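Colleague: model this:
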Amino acid sequence: MDRWVIFWTDGLVFLLVCAVILLILRIRSKEHLRRPWRKVVTNKVGMVSAVVLGFFLLIGLADTIHFKPILDNSQQSQNTYSSEPISLFDWWVTPLRIREEKTYSAPFSWRLYAKENIVSADGSKIWGYPRLKYGAAHLADPSSERSTDLVKIGLLGAAKGLVLFAVVVAFLVAVRSWRTKAKFVSSLAEIYGNRSGVPWCAMFTTLLILLMGGYAIAELSFKYHVLGTDKVGQDVFYQSLKSIRTGMVIGTLTTLVMLPFALILGIFAGYYRGWVDDLIQYLYTTLNSIPGVLLIAASILVVQVYMSNHEEDFANIAIRADTRLLFLCMILGLTSWTGLCRLLRAETMKLREMEYVQAARALGVKNTSILSRHILPNVFHIVLISVVLDFSGLVLAEAVLSYVNIGVDPTTNSWGNMINGARLEMAREPIVWWSLAAAFLFMFALVLAANLFADGVRDAFDPRRAQ
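Modeller: The predicted structure follows:
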């Protein structure tokens with residue numbers, strides 16, 4: 001049996017997932033909380049973006065479950081575990097993880113990207129492009145068979161995606177018909193007739209494209225390097241998928257660190273005013289005066305020195321990389337709460353002068369009760385909008401920080417590290433463009449989906465936009 005491993009970031013991510021589940025249960029029990037979310041689920045662009053975000057989330061969560069696999073120890077009486085843990089996602093895409101070429105190869109190629117001396121069968125040397133060890137290795141003559149093989153494998157994968165799509169749609173329609181106590185056919189006709197209010201057709205179309213395209217790419221990735229390989233021969237498509245977890249951890253855990261500071265200090269400053277307001281304003285004004293990049297760089301250097309002086313506590317690369325990722329989230333959270341704090345302070349100052357708050361104070365209600373029952377629920381829309389909007393900014397911040405070598409550990413798969421490594425690749429002749437293109441493509445898809453979903457949430461929760 002494999003030995004499960006829980007990193008700090010893993011535990012915090014699943015703690016955040018549990019908090020979101022509890023929040024959903026609370027929203028379902030309160031009509032005034034369900035009302036704005038009904039507007040969100042009727043927003044076509046927002047729900048299409050939610051489907052795309054769901055795919056990123058599934059990959060990120062699968063990459064968050066870690067364990068140490070059992071090594072081949074048939075000659076030993078006790079199980080021997082690997083020293084380096086892998087994730088559930090790593091286990092699922094094991095061929096992508098373990099297949100390494102000699103050096104660069106272009107997307108869908110069967111040979112290396114640069115020429116070198118090739119030793120032929122008769123012992124003579126030829127200056128040419130060597131064949132890849134794994135890419136298109138199943139083909140006898142890739143130059144003539146590759147195009148047909150790509151179409152065949154791609155269609156096979158798309159067919160598998162179509163079958164899975166049919167199963168998922170049938171399950172969702174069955175659940176909906178059970179909840180509404182309607183017949184399956186009637187529920188299906190209502191969905192495809194756009195009479196339910198929820199843009200099911202747009203969501204199902206997006207799901208169909210993602211499943212068919214995803215399965216086609218997945219099938220191709222086990223025979224080819226669909227996005228090529230990097231300098232040391234690692235699959236770029238695998239690196240891009242692994243970077244999803246890093247981006248999502250940065251975007252979510254940083255919010256978990258930032259939110260208590262912004263929420264508590266912002267509400268206290270706006271409600272109590274006086275010396276409390278002055279002290280909190282002085283605190284975030286001073287923090288804003290410190291250059292953020294320099295503060296992050298200094299903090300990362302302190303963490304590196306601490307890990308170097310306590311090597312026994314960081315036995316393997318995975319623990320070191322996870323610790324640096326955790327500290328980066330904490331540092332970004334401690335330096336990014338000031339903007340939301342200012343918004344909450346201004347909103348609280350307006351709310352404390354409202355009649356119902358003044359009446360509660362006149363009746364002798366304690367300040368803690370006023371803050372929890374009257375102030376906090378009425379600023380929640382600002383918190384939610386800011387958190388969703390800041391997610392994409394934090395994902396981009398990780399890429400920028402890793403590009404200047406003060407972000408995540410160099411051994412961590414991230415889009416920032418891929419962009420940083422692509423600097424020298426872009427100066428090669430011929431140019432190696434696919435690492436930069438892959439990082440840009442995945443980051444663009446995640447950030448665009450997050451921004452579009454955030455627009456839908458803002459439109460639903462912003463009182464000024466309410467009709």
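Colleague: where does the stretch 351-467 of the chain dip in pLDDT?
Modeller: Across the stretch 351-467 of the chain, the ranges flagged by pLDDT under 70 are 462-467.
Colleague: so where do the helices sit in it?
Modeller: For the stretch 351-467 of the chain, helices defined by DSSP state H, counting those that start in this stretch occupy the ranges 355-362, 367-370, 376-403, 415-425, 434-461.
Colleague: what packs against the second one?
Modeller: Secondary structure elements in contact with helix 367-370, counted by 3 or more CB pairs under 8 Å, 6 or more residues apart in numbering; DSSP states H and E, are helix 236-272, helix 355-362. All C-beta spots, glycine's among them, are computed from the backbone N, C-alpha and C.
Colleague: Could you point out which of those helices sits nearest residue 36?
Modeller: helix 236-272 (19.1 Å; CB to CB).
Colleague: So which bits of the closest one are buried?
Modeller: 236-259, 261-263, 265-271 (16 or more other CB atoms under 10 Å).
Colleague: Go through the helices of the stretch 351-467 of the chain and name the closest to residue 9.
Modeller: Nearest to residue 9, of all the helices of the stretch 351-467 of the chain, is helix 376-403, at 13.1 Å by CB to CB.
Colleague: my read: residue 436 touches residue 426, true?
Modeller: Yes: applying CB atoms under 8 Å as the test, residue 436 and residue 426 come out as touching, 6.6 Å apart.
Colleague: Between those two, tell me which one has more neighbours.
Modeller: residue 436 (19 against 11; other CB atoms under 10 Å).
Colleague: contacting residues around the more buried one?
Modeller: Listed by CB atoms under 8 Å, 6 or more residues apart in numbering, the contact set of residue 436 reads 418, 419, 422, 425, 426.
Colleague: How far away from the center of its chain is the helix or strand bottoming out on mean pLDDT in the chain?
Modeller: Lowest mean confidence among the helices and strands of the chain (mean pLDDT, DSSP states H and E): strand 116-119, at a mean of 75. Centroid separation for strand 116-119 versus its chain: 42 Å, with CA atoms, centre = their mean, to the nearest Å.
Colleague: What lies in contact with that strand?
Modeller: If you take CB under 8 Å, 6+ apart as the criterion, strand 116-119 is touched by 125, 126, 127, 128, 130.
Colleague: now the residues you listed in CSV, with distance to residue 222 and neighbour count?
Modeller: Listed next are the contacts of strand 116-119 as CSV, based on distance: CB to CB, whole Å; neighbours: other CB atoms under 10 Å:
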residue, distance to residue 222, neighbour count
125, 33, 10
126, 30, 12
127, 32, 8
128, 27, 13
130, 21, 18
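Colleague: For residue 61, state which of the residues you listed is nearest.
Modeller: Of the contacts of strand 116-119, the one sitting nearest to residue 61 (CB to CB) turns out to be residue 130, at 39.1 Å.
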